[in-house]
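Undergrad: how would this look folded up:
(one chain, ligands or ions: 3)
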Amino acid sequence: MLRRVLVANRGEIAARILRACREMNIETVAICSEADRGALFTTLATRSVCIGPASAAQSYLDQQAVLNAALLTGCDAIHPGFGFLSENAEFAALTRDNGLVFIGPSPEVIALLGDKDAARRLAREQGIPVVPGSQGLVGDAEAAEQVAGQLGYPVLLKAASGGGGRGIRVVAEPGELSSQLAEARAEAKACFGNDDIYIEKLITAPRHIEVQILGDSHGNQIHLGERDCTLQRNRQKVIEEAPAAAVPEELHQRMTADALRAARAVGYENAGTVEFILTPDGEYYFIEMNTRIQVEHPVTEMITGINIVREQIRIASALPLEFSQADVRFEGHAIECRINAEDPAHGFAPCPGTIEHLHLPSGFGVRVDTVAHPGYIISPYYDSLLAKIIVHGRNRHEAVLRMRRALEETLFTGITTNLGLLYMVLYSPDFLYNRIDTGTVERNLDTMLGALKEEVML
Ligand code: ADP
Ligand code: ADP
Ligand code: MG
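TA: Ligands and ions are numbered 1, 2, ... in the order given. Below you'll find the model as predicted:
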């Protein structure tokens with residue numbers, strides 16, 4: 001079993017991992033930037049090391065600084081969390097080459113699946129349906145126009161190395177293609193250091209359904225069912241649920257089998273997620289695979305009782321999974337809301353600041369993953385995710401009612417958050433009756449913001 005783990009992340013996910021290690025009697029090292037010195041997550045570790053200035057490039061993304069911290073403190077493994085270095089194959093290789101365990105899949109698998117075009121090819125070869133699109137990367141605008149013409153507009157231009165909803169452009173008609181392609185390439189180059197682009201047909205009014213996978217180093221691969229992450233804004237998830245109530249049993253069988261086929265094709269080890277788009281007609285297409293712990297993993301934990309971070313650490317310790325597919329049971333329904341420090345009334349601009357007072361929900365069936373406290377400073381340097389509120393109920397209806405009351409109990413003062421907007425979504429009939437698609441939040445944004453203004457809830 002791993003003895004000492006360095007957690008190469010910050011905020012709530014660092015706390016999530018540190019807590020799991022603590023329960024497993026594993027020593028921990030937290031790293032932090034100067035902006036995070038003394039932050040709550042660092043106090044949950046056995047010890048902490050400041051590795052650089054506030055800017056992520058000089059701290060959480062500085063591969064050598066992170067590695068040095070692990071080596072100098074005698075760690076035997078690094079958990080990357082999500083974002084930052086979590087899907088960086090070069091860093092996973094650097095970790096391994098220095099004799100440490102990277103808690104995630106191998107650098108080769110990260111590199112293969114991190115190229116979303118290569119992942120599409122892999123899925124196609126396995127007979128898994130992929131979104132109709134280009135066979136490989138697109139060359140110049142002329143070649144792109146030819147592909148898009150055959151597919152029919154609208155299409156999506158996607159950065160092969162994209163993530164976090166970035167590097168994606170909608171092209172509604174042929175006239176826009178060449179300018180959008182240039183912009184997509186520039187954005188991809190700036191964000192991901194790689195300007196490879198591929199094309200997919202834009203699926204109308206889809207749901208986002210994903211399958212959680214676990215694979216160990218003994219050849220066992222299982223799934224932990226679906227999550228429905230359809231409620232998004234700007235291609236980023238806002239509310240997630242498990243199980244996916246819109247996925248009937250027969251579809252569940254096919255989607256989980258396809259997800260496992262993708263995982264087995266690469267000998268997937270550790271936790272991973274296979275993402276699909278589901279059309280209103282019940283057809284589904286593979287879109288990508290994420291080779292890390294996912295933000296929304298708690299909803300799966302709530303309905304399976306499986307601690308996914310603990311399993312990641314056991315798998316990285318070369319232990320076999322303690323349960324088989326048949327042992328995995330799904331109980332009840334879970335919903336997660338992401339509380340972000342952002343201003344929905346002003347284009348969702350990030351809202352750094354200091355929390356004055358807060359009240360977090362609790363009680364039967366409520367879980368809160370956060371490191372927020374009065375006096376907590378939300379830094380302008382990092383992601384705006386502030387807290388995840390997760391509820392579990394016997395069924396979806398009970399979970400919805402529970403989330404409503406959990407949001408009603410939640411209070412942040414001194415900063416602006418998306419809490420009011422989440423509340424509006426929870427009270428919308430479309431959400432209650434599960435008549436949603438990935439455009440629901442954006443289509444209803446003005447109405448919801450208007451109502452919030454009236455109620456002075458923002
Ligand atoms: P999930 O699929 O787990 O919901 P998100 O897409 O919300 O993940 O991204 C998780 C976090 O990681 C967010 O903080 C996001 O900003 C960040 N992130 C995801 N992909 C990348 C990437 N390729 N580069 C940098 N940050 C990323
Ligand atoms: P990222 O790597 O940034 O997570 P994804 O390929 O997973 O990018 O796409 C992000 C989101 O964009 C998806 O969750 C989905 O809502 C939407 N999306 C992606 N591909 C399509 C598509 N072909 N048609 C419609 N929506 C899509
Ligand atoms: Mg995705």
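Undergrad: could you pull up phi and psi at residue 152?
TA: phi 90, psi 140 (degrees, to the nearest 10).
Undergrad: surely it meets residue 201?
TA: Yes - Residue 152 is within contact range of residue 201, at 7.0 Å (criterion: CB atoms under 8 Å). Heads up, the C-betas are built off the backbone N, CA and C, glycines and all.
Undergrad: so the two - more neighbours on which side?
TA: Neighbour comparison, residue 152 and residue 201: the larger count goes to residue 201, with 18 against 10 (by other CB atoms under 10 Å).
Undergrad: distance of the more buried one from residue 155?
TA: Separation of residue 201 from residue 155 (CB to CB, to the nearest Å) stands at 6 Å.
Undergrad: can you check residue 283 too?
TA: Residue 283 sits 18 Å away from residue 155, taking CB to CB as the criterion.
Undergrad: ditto for residue 105
TA: Taking CB to CB, one finds residue 105 at 31 Å from residue 155.
Undergrad: now residue 177
TA: As defined by CB to CB, residue 177 lies at a distance of 8 Å from residue 155.
Undergrad: between these two, which one's more packed in?
TA: Legend: neighbour count by other CB under 10 Å for residue 177 and residue 155, higher for residue 155 (27 against 24).
Undergrad: that one contacts residue 199, correct?
TA: Yes - assessed by CB under 8 Å, residue 155 is found in contact with residue 199 at 5.3 Å.
Undergrad: common neighbours of these two, please.
TA: Listed as contacting both residue 155 and residue 199 by CB atoms under 8 Å, 6 or more residues apart in numbering are 133, 147-148.
Undergrad: could those residues go into TSV alongside secondary structure, pLDDT and distance to residue 342?
TA: Listed next are the shared contacts of residue 155 and residue 199 as TSV, based on DSSP: H, G, I helix; E, B strand; the rest coil; pLDDT from 0 to 100; distance: CB to CB, whole Å:
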residue	secondary structure	pLDDT	distance to residue 342
133	strand	97	32
147	helix	97	36
148	helix	97	33
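Undergrad: quickly name whichever of the residues you listed is closest to residue 337.
TA: residue 133 (32.2 Å; CB to CB).
Undergrad: quick revisit: name the residues contacting each of residue 201 and residue 155.
TA: residue 133.
Undergrad: mind checking which helix or strand the residue in the stretch 351-458 of the chain positioned nearest to ligand 1 is in?
TA: Per CB to the nearest ligand atom, residue 383 is where the stretch 351-458 of the chain lies closest to ligand 1, at 4.0 Å. Assessed by DSSP states H and E, residue 383 sits outside every helix and strand.
Undergrad: also the one 3 residues further on?
TA: In the assignment (DSSP H and E), residue 386 maps to strand 385-393.
Undergrad: pLDDT (mean, whole number) over that strand?
TA: The average pLDDT within strand 385-393 is 98.
Undergrad: can you name the residues of the stretch 1-150 of the chain that neighbour ligand 1?
TA: Applying CB under 6 Å from any ligand atom, we find that the stretch 1-150 of the chain lies next to ligand 1 at 82-83, 87.
Undergrad: looking at these, which is nearest ligand 1?
TA: For these, the nearest to ligand 1 is residue 83 (2.9 Å; CB to the nearest ligand atom).
Undergrad: shouldn't the closest one be within a helix?
TA: No - Residue 83 sits outside any helix when classified using DSSP: H, G, I helix; E, B strand; the rest coil, being coil.
Undergrad: show the pLDDT at it.
TA: Looking at residue 83, its pLDDT is 96.
Undergrad: that one: what's its closest spatial neighbour, skipping adjacent residues?
TA: For residue 83, ignoring the flanking residues on the chain, the nearest one in space by CB to CB, 6 or more residues apart in numbering is residue 383 at 6.5 Å.
Undergrad: that neighbour reaches residue 9, doesn't it?
TA: No - taking contacts as CB under 8 Å, residue 383 lies outside contact range of residue 9: 10.5 Å.
Undergrad: and the two? which has more neighbours close in?
TA: Counted by other CB under 10 Å, residue 383 and residue 9 do not tie: residue 9 has more neighbours, with 28 against 19.
Undergrad: quick check: the more buried one vs residue 18, distance?
TA: Applying CB to CB, the value for residue 9 to residue 18 is 10 Å.
Undergrad: now do residue 398
TA: For residue 398 relative to residue 18 (CB to CB), the value is 31 Å.
Undergrad: more neighbours: which of the two?
TA: Taking other CB under 10 Å, residue 398 and residue 18 do not tie; residue 18 has more neighbours (27 against 15).
Undergrad: which element, helix or strand, includes the more buried one?
TA: Short version, using DSSP H and E: residue 18 is in helix 11-23.
Undergrad: buried residues in that helix?
TA: Within helix 11-23, the residues that count as buried by 16 or more other CB atoms under 10 Å are 11-21.
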